[in-house]
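Participant: Output the structure for:
(chains A and B)
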2 protein chains.
Amino acid sequence: MTPTITAFQRSPDRGRGLARDMRVRWAFEEVGQSYEVRLVSLGAHKEPAHRALHPFGQIPTYEDGDLVLFESGAIVFHIAQRHAGLLPGDANARARAMTWMFAALSTVEPPILDLHNTKLLEGDKSWYEQRLPVVEDRIRVRLGELSARLGDAHWLDGAFSAGDLMMVAVLLRLKTSGLLDEYPNLSAYVARGEARPAYKRAFDAQLAAFTASSRTG
Amino acid sequence: MTPTITAFQRSPDRGRGLARDMRVRWAFEEVGQSYEVRLVSLGAHKEPAHRALHPFGQIPTYEDGDLVLFESGAIVFHIAQRHAGLLPGDANARARAMTWMFAALSTVEPPILDLHNTKLLEGDKSWYEQRLPVVEDRIRVRLGELSARLGDAHWLDGAFSAGDLMMVAVLLRLKTSGLLDEYPNLSAYVARGEARPAYKRAFDAQLAAFTASSRTG
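Facilitator: The predicted structure follows:
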């Protein structure tokens, strides 16, 4: 049976590959597993029908027979566990790949999301101009630490893994901020992720979904 | 071999069980696995020796022979995978438990950490009083959604799992804020977590570490 994921119809990121379905599409492409996509219109993702799948009213979700999952981290892990290509065979290396998945989502992404929320939700507040550099500096702390650990390695721990997939996806959110350019090895790391054929196929698929739904809407 | 974790000497939370070693201690206690603790003084966690274990300079870390892990989510998952008691046997139920672990760490915790950071790092800023309710309302959105999903169930998905462990640990950070009291079913859920014998043993162990290091320091 082919699993079905959800993604936004006319994604707010306008097909730039920053919505969280991109991570799951990329994982499917890395392992060579086909998938179907059901597009959810903005607004409908907060309605009861979607919340029955995702209590926090977000995308993506994952459905395969009776199984319903949400959270891009959990879905990518599920795909990585079922198919070869995203987790190393060695048990210790697998555990370390999991560490990088959690590091991407719970240590590196939160300050990046804070910047996103600040720009989106606090742009009209009196404190916006003063607070922005505070938020950016918190991101710089994490980027500096990640840059120091990565050094001149290609990936975070040996071969490309689900940990790299998630870290690159999280860092991509910074692309237009200019912050990534301050860390050349991280910029190169993200570019290596984007250059992967599986990434490109996933990117093209989400862009095509955006383009088609913009045209018909 | 007994794994060794790191925790703060004289933890900034003063033994209230809010530091992230608590999650790992709790997991060890749930599965009945002994562990050792190496205390790291405040400041030393940002030094190269500790950063060799944890690139982001945080606690806890996990060492077992050659294996070094960081991120409480990854460590709890590693423990849960190796020992019975924290993940269901059924493959679909295991995947759903993982979903709740990621939901706790990447959807519910970030706004809670934002409140923590706001109070700790922005208390002297001009915008503090005005921004605080904005941050609290973002937490309320997540708590409302979680409360609706939990309903009158005891745990998030059948029996207690690593997903509940992580969610309760994250919600405990709100205990003194009063926000949790607005959602009686979530307060009761957290209380059920705290009432578990494994939680109590872990709590007592971290409090004893704080008390001992305060006395000798």
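Participant: Check the secondary structure at A:D157 for me.
Facilitator: Using DSSP: H, G, I helix; E, B strand; the rest coil, the structure places A:D157 in coil.
Participant: residues contacting it?
Facilitator: Counting by C-beta atoms under 8 Å, 6 or more residues apart in numbering or on different chains, A:D157 touches A:93, A:96-97, A:100, A:163. Every C-beta, even on glycine, is put in place using the N, C-alpha and C of the backbone.
Participant: Equivalent analysis for A:T6, please.
Facilitator: A:21, A:37-40, A:45, A:50, A:53-54, A:59-61.
Participant: Please apply the same query to A:Q58.
Facilitator: A:20, A:45, A:70, B:107.
Participant: Next, it: phi, psi?
Facilitator: phi -130, psi 170 (degrees, to the nearest 10).
Participant: okay, who's weakest in the contacts of A:T6 by pLDDT?
Facilitator: When those are sorted by pLDDT, the bottom entry is A:H45 at 93.
Participant: Need the three-state assignment for A:T6.
Facilitator: strand.
Participant: Residues in contact with stretch A:19-32: which ones?
Facilitator: Taking C-beta under 8 Å, 6+ apart as the rule, stretch A:19-32 contacts A:5-8, A:11-13, A:34-35, A:37, A:58-60, A:62, A:72, A:75-76, A:79-80, A:83-86, A:162, A:165-166, A:169, A:196-199, A:201-203, A:205-206.
Participant: Kindly recompute the last result at 6 Å.
Facilitator: Residues outside stretch A:19-32 that contact it (C-beta atoms under 6 Å, 6 or more residues apart in numbering or on different chains) are A:5, A:7-8, A:11, A:13, A:35, A:59-60, A:72, A:75-76, A:79, A:83, A:85-86, A:165, A:169, A:198-199, A:201-202, A:205-206.
Participant: So which residues on chain A come close to chain B?
Facilitator: A:55-56, A:67, A:69-71, A:73-74, A:77-78, A:92, A:95, A:98-99, A:102-103, A:105-107, A:110, A:127, A:145, A:149 (C-beta under 6 Å from any C-beta of the partner chain).
Participant: Can you show me the helices along chain A?
Facilitator: A:21-31, A:48-51, A:72-82, A:91-102, A:109-121, A:128-150, A:162-172, A:184-194, A:197-216 (DSSP state H).
Participant: Flag every buried residue along the third one.
Facilitator: Spelled out, it's helix A:72-82. The neighbour-count check on helix A:72-82 (16 or more other C-beta atoms under 10 Å in any protein chain shown) flags A:72-80 as buried.
Participant: Buried members of the contacts of stretch A:19-32 into PyMOL, please.
Facilitator: To isolate the buried ones among the contacts of stretch A:19-32 in PyMOL, judged by 16+ other C-beta under 10 Å, type:
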select buried, chain A and resi 5+7+8+11+35+59+60+72+75+76+79+85+86+165+169+198+199+202+205+206
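Participant: Give me the buried positions along stretch A:46-64.
Facilitator: Buried-residue list, stretch A:46-64, by 16+ other C-beta under 10 Å: A:50-51, A:53-64.
Participant: nearest residue to the residue of chain A found nearest chain B other than its sequence neighbours?
Facilitator: Nearest residue of chain A to chain B, counting by C-beta to the nearest C-beta: A:W127, 3.1 Å away. Once flanking residues are discounted, A:W127 sits nearest to B:W127: 3.1 Å by C-beta to C-beta, 6 or more residues apart in numbering or on different chains.
Participant: For the one you found, grab the count of nearby residues.
Facilitator: Around B:W127 there are 18 other residues, counting by other C-beta atoms under 10 Å in any protein chain shown.
Participant: Show me how the record splits chain A into domains.
Facilitator: Listed by automatic domain parsing, the domain ranges of chain A are A:4-85+A:198-210, A:91-196.
Participant: How confident was the prediction at the residue nearest to A:L207 when sequence neighbours are not counted?
Facilitator: Among residues not flanking A:L207 along the chain, A:G15 sits closest, at 4.1 Å (C-beta to C-beta, 6+ apart). At A:G15, the model reports a pLDDT of 94.
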